[in-house]
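1. Provided below are the primary sequence and the corresponding predicted coordinates.
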2 protein chains.
Amino acid sequence: MTSLSLLELRHLRTLAALDETGSVSRAAKRVHLTQSALSHQIKVLQNHYGLPIVRRQGQNIELTEAGKHLVTLARRVLEEIQATERNLAKMSEHASGSLRIVLECHTCFDWLMPLMDAFRQNWPEVELDLVSGFHSDPIQLLEEGGADVVIGSEQVERRGIVHHPLFRFEILAVLAPEHPLRAKKILHARDFDGETLITYPVPEERIDLIRNVLKPAGVQPERRTAELTVAILQLVASRRGIAALPSWGLKNYVEHDYVTARRIGSQGLWSDLYASTLAETAARPYLRDFLVTARNTCFATLDGIIPLEPAEQ
Amino acid sequence: MTSLSLLELRHLRTLAALDETGSVSRAAKRVHLTQSALSHQIKVLQNHYGLPIVRRQGQNIELTEAGKHLVTLARRVLEEIQATERNLAKMSEHASGSLRIVLECHTCFDWLMPLMDAFRQNWPEVELDLVSGFHSDPIQLLEEGGADVVIGSEQVERRGIVHHPLFRFEILAVLAPEHPLRAKKILHARDFDGETLITYPVPEERIDLIRNVLKPAGVQPERRTAELTVAILQLVASRRGIAALPSWGLKNYVEHDYVTARRIGSQGLWSDLYASTLAETAARPYLRDFLVTARNTCFATLDGIIPLEPAEQ
DNA sequence: CATATCAATGAATACGATTCATAAGTCTCT
DNA sequence: AGAGACTTATGAATCGTATTCATTGATATG
C-alpha cells in the first residue's frame, strides 16, 4: 500500500506514552528515549500534518484534538500488533509450558491479579500458577524447577539467571492521620525510634526500610506483622504503629484521610522490581509476552512508578 | 505502550506489497526501495519472530502462514492509519473545495469509477465532478479554473503546474483471433501498413501508437474511431481493424479468446500516466488523499502496471 | 528570588536502513 | 545442455536520519 505518510509505529508508541504520562520527559522514560528525541518527533508530526498535536499546559503538556485522534489510532494499532505477535509466538516452538510465579513482594498482588487474568485468556495452553508460601531462597526454586518466575526486588548475580527489570517505585512511610510525626514532611531513621513497625511476615533482610535505612542508623523499632496490605493499613489507622509501603497502593487511602504518607529520607526510599527467570525460560515467547504486558499494565495502572532500562542482552 | 517489537510500519507496507505482487522485486518497486532492501527487511523479521515469513516458490515467493498473519495485520493497520490521517486532513485548512477531473485517456474510466465512488464517501464536502467533452489544451483548463485535475500521459513543463506520476503501463496491439498478424509475437510499425486502426476520437498526437511508432516510421494506416472501449473491442473482434489499448483492460477478453493481444516493438510500447494540478491545489489534503488511493486501487486492480518514482519536491 | 523541573531547539553524533556489487538459484528458449 | 533473462540472497559500504548532547527559555515551588 502506497503512502505519503511518514508516520511510524515509533510515533504511535510515543503518542500513547505522551497521553498516559501527560509529560514529554515522563513519556521519554517510558519509551527509553530522551526528552529531546520526543520533542523532535512531535515537531516532525506537527509539521507533517500542519496541526498542533500537543499543547503546553503549564509544566506539562496536553494532547490537542488532533493528538487524541492519533492516540486512539495508536491504542488500536498497538493492541492489534501485540495480538498478532502473540499469534506468531504461538506458532514458534516453546509456545506452551508453565508459568509458576513466586512473589517476594506482597504488595505485588495488587497488580498481578488482573495481569494473570489477562494472561490466562491469551495463553490458555500455559499452565499458570502462583506458588504460595514463604521461600528463603526463591531463586533456588527456579534452579530446582519448582517455579518459573520470581518477582522481587533484589538483583543477585547468579549463573544462568536473568533479571528482567520491571519498574522502580517509592516506598512511603504510612502514619495514622493524628500521628505526631505527621508534622514532618520527611521522615528520617531516628524518627522511627520507639515506634512500632508493621510489616509483612518476612525476615528483616527483605524489608527495604530496615535493611537500607534503619539498620545502618542503628535504629531497631519493635515489629508487628500482618499478611495482607489492608490489614497493615488497618493497624496503622488504628494507631498501632507505622508501616512502609509502595506509593502506588496508598493513593486512595491517603485521599480519604484514612492514613497519611510521608517520604523517607530526603531522596526518598526507592526500590526496583525485577522478574527473574532461568536464562532458558527467558527465551520462551509466552514469558516475553508476560513481561511486556506486565510492564504495560503496571505503567497504566500504577501511579508514580519509573521505568527501568531493559537489560542488555 | 512498551514493546519489544522491532516491527515498524515500513515492514507492514512491504508485507502488503509482497502479498499483492508475489515477488520481492515487484514489491520493491511498489514501495520505492531496492529488492535488496526488502530482502534484508524480510530477513530481520524472520530472525526476530524465529519463523519463516516467505517461502521461495520458483522464481517468485509466497507468504507462509506467519506471513499471512502479518499481512492481514498490515491491511487492517494501514487502512486505519489512512482513515485517521484523512480525519486529520479534514481538521486542517483547505479541507473542502472541488475536484473536477479531466480525462485525456478514455480507458481510465475503468479504474476511475470505483475510485470516485470511494472518494465521494470519504470526502462528502468536496464537490467531485468529471468534466466531459474533448479539450484541446486541458492544462489550460486548470489555469482558467475550469478543472482541478487532468489525468493524462504527457508531462508538459509549465509554470505553476505539477505532474503527479501515477503508474506506467504497456499498450498492446489488439487483433481479431483469426488475424494473420497473430502469427507474430511482436508487431512492428510496418505491420500496421494497410491495416485499419481503431481508436478513440481524439487527434493523432494523442495516440501513442501513432505519435511514437507509426509516424516516425512513416506508416499511416486508415483510422476509424469509437467512443467506448467495448465498442473498439467489438470492432476488432469483427475484423474491422486493429486497435492499441492498455494491457490492463484486455485480460478478460484475451482469456476468453475474444481478441488477441501482441506486444508493439521489441521493448513494448509504454506510456506513463500522470495526474496534473496547479501547484496550489496540489497541497490540498483531499487531493493528496485522492492521489494516494488512486495509486493504491490501481496497483490492487490493474495487472502489469509499474510504479513511477514520486516527483521530487 | 533562588531552585528545580519542564519543553524547545540547533548542532553533533551514532545507528541502522538502504544501496551497491555480486553470487547463486530458477525458468525459458533454442 | 547451455545461454540468457529473470529472479532472490548476502556481505560490505554508504547514506540518511533519528537520537543525543548541550543549551536556552518557561513555569512552578518554597
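-> Cool, got the structure.

2. For the rest of this, base every contact and every neighbour count on C-alpha atoms.
-> Fine.

3. quick one: secondary structure of the one residue in the stretch 151-300 of chain A that gets nearest to DNA strand C?
-> Here the stretch 151-300 of chain A gets closest to DNA strand C at one residue, A:Gln267, 9.4 Å apart by Cα to the nearest atom of the strand. A:Gln267 carries the three-state label coil when classified by DSSP: H, G, I helix; E, B strand; the rest coil.

4. who in the stretch 1-150 of chain A is up against DNA strand D?
-> For the stretch 1-150 of chain A, the residues in contact with DNA strand D (Cα under 7 Å from any atom of the strand) are A:10, A:32-38, A:40-41, A:57-59.

5. Now rank the residues you listed by neighbours and give me the top one.
-> Counting neighbours by other Cα atoms under 10 Å in any protein chain shown, A:Leu38 leads those with 20 neighbours.

6. Provide a list of residues in contact with that one.
-> Residues counted as contacts of A:Leu38 (Cα atoms under 8 Å, 6 or more residues apart in numbering or on different chains) are A:14, A:24, A:28.

7. same check, this time on A:Ser238
-> A:Ala176.

8. okay, it: pLDDT?
-> Per-residue confidence (pLDDT) for A:Ser238: 95.

9. That one and chain B: what is the separation?
-> 40 Å (Cα to the nearest Cα, to the nearest Å).

10. Phi first, then psi, for that residue.
-> phi -90, psi 20 (degrees, to the nearest 10).

11. Where does pLDDT dip in chain A?
-> Residue ranges of chain A with pLDDT under 70: A:1-3, A:310-313.

12. Just after the longest helix anywhere in it, pick out the following helix or strand.
-> The longest helix of chain A (DSSP state H) is helix A:65-91. Where DSSP states H and E defines the elements, the next helix or strand beyond helix A:65-91 is strand A:98-103.

13. Which strands or helices does that next one pack on?
-> Under the contact criterion of 3 or more Cα pairs under 8 Å, 6 or more residues apart in numbering or on different chains; DSSP states H and E, strand A:98-103 touches strand A:127-131, strand A:149-152.

14. Quickly compare these and say which is most buried.
-> Among the helices and strands packed on strand A:98-103, ranked by average contacts under mean count of other Cα atoms under 10 Å in any protein chain shown, first place goes to strand A:149-152 (a mean of 24).

15. ok now that strand, how far from the chain's centre?
-> Put simply, strand A:149-152 sits 13 Å off its chain's centre (Cα atoms, centre = their mean, to the nearest Å).

16. hey, C-alpha coordinates of the following helix or strand past it in PDB?
-> Using DSSP H and E, the helix or strand that follows strand A:149-152 in sequence is strand A:161-175. In PDB, the C-alpha atoms belonging to strand A:161-175 read as follows (Å, rounded to 0.1, in the frame of the first residue of the first chain):
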ATOM      1  CA  ILE A 161      19.600 -16.500  36.000                       C
ATOM      2  CA  VAL A 162      18.500 -13.300  34.200                       C
ATOM      3  CA  HIS A 163      16.700 -10.400  35.900                       C
ATOM      4  CA  HIS A 164      14.200  -8.600  33.800                       C
ATOM      5  CA  PRO A 165      13.700  -5.100  35.200                       C
ATOM      6  CA  LEU A 166      10.000  -4.100  35.700                       C
ATOM      7  CA  PHE A 167      10.000  -0.700  37.300                       C
ATOM      8  CA  ARG A 168      11.200   1.500  40.200                       C
ATOM      9  CA  PHE A 169       8.800   2.600  42.900                       C
ATOM     10  CA  GLU A 170       8.900   4.700  46.000                       C
ATOM     11  CA  ILE A 171       8.300   3.300  49.500                       C
ATOM     12  CA  LEU A 172       6.500   5.700  51.700                       C
ATOM     13  CA  ALA A 173       6.000   5.700  55.400                       C
ATOM     14  CA  VAL A 174       2.400   5.400  56.400                       C
ATOM     15  CA  LEU A 175       1.100   7.000  59.600                       C
END
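
17. list the helices and strands strand A:161-175 packs on?
-> Applying 3+ Cα pairs under 8 Å, 6+ apart, one finds that strand A:161-175 contacts helix A:229-237, strand A:242-246, strand A:260-264, strand A:269-278, helix A:279-282, helix A:285-301, strand A:306-307.

18. Repeat the analysis, applying 6 Å as the threshold.
-> Helices and strands touching strand A:161-175, by 3 or more Cα pairs under 6 Å, 6 or more residues apart in numbering or on different chains; DSSP states H and E, are strand A:242-246, strand A:260-264, strand A:269-278, strand A:306-307.

19. Can you list the strands that that strand pairs with?
-> Strand A:161-175 has the following sheet partners, assigned by DSSP bridges: strand A:242-246 (antiparallel), strand A:260-264 (antiparallel), strand A:269-278 (antiparallel), strand A:306-307 (antiparallel).

20. report the angle between the axes of it and helix A:285-301?
-> Counting by axes from the mean of the first three to the mean of the last three Cα atoms, to 10 degrees, strand A:161-175 lies at 20 degrees to helix A:285-301.

21. And DNA strand C, is strand A:161-175 touching that?
-> No: judged by Cα under 7 Å from any atom of the strand, strand A:161-175 stays clear of DNA strand C, getting no closer than 14.4 Å.

22. In PyMOL, how would I select the buried members of the contacts of A:Leu38?
-> In PyMOL syntax, the buried subset of these is picked out as below (16 or more other Cα atoms under 10 Å in any protein chain shown):
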select buried, chain A and resi 14+24+28
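
23. hey, which of the helices and strands packed on strand A:161-175 is tucked in deepest?
-> It is strand A:242-246: most buried of the helices and strands packed on strand A:161-175 by mean count of other Cα under 10 Å, with a mean of 24.

24. Up against DNA strand C, what does chain A have?
-> Counting by Cα under 7 Å from any atom of the strand, the positions of chain A adjacent to DNA strand C are A:22-26, A:35-37, A:39-40, A:43, A:55-56, A:59-61.

25. now, which of the residues you listed lie within helices?
-> A:24-26, A:35-37, A:39-40, A:43.

26. Tell me the one among those nearest to A:Ala176.
-> Each of those was checked against A:Ala176 using Cα to Cα; the closest is A:Arg26, at 31.6 Å.

27. count of neighbours near the closest one?
-> 20.

28. residues contacting it?
-> Under the criterion of Cα atoms under 6 Å, 6 or more residues apart in numbering or on different chains, A:Arg26 has no neighbours.

29. Give me the distance between it and A:Phe299.
-> 11 Å (Cα to Cα, to the nearest Å).
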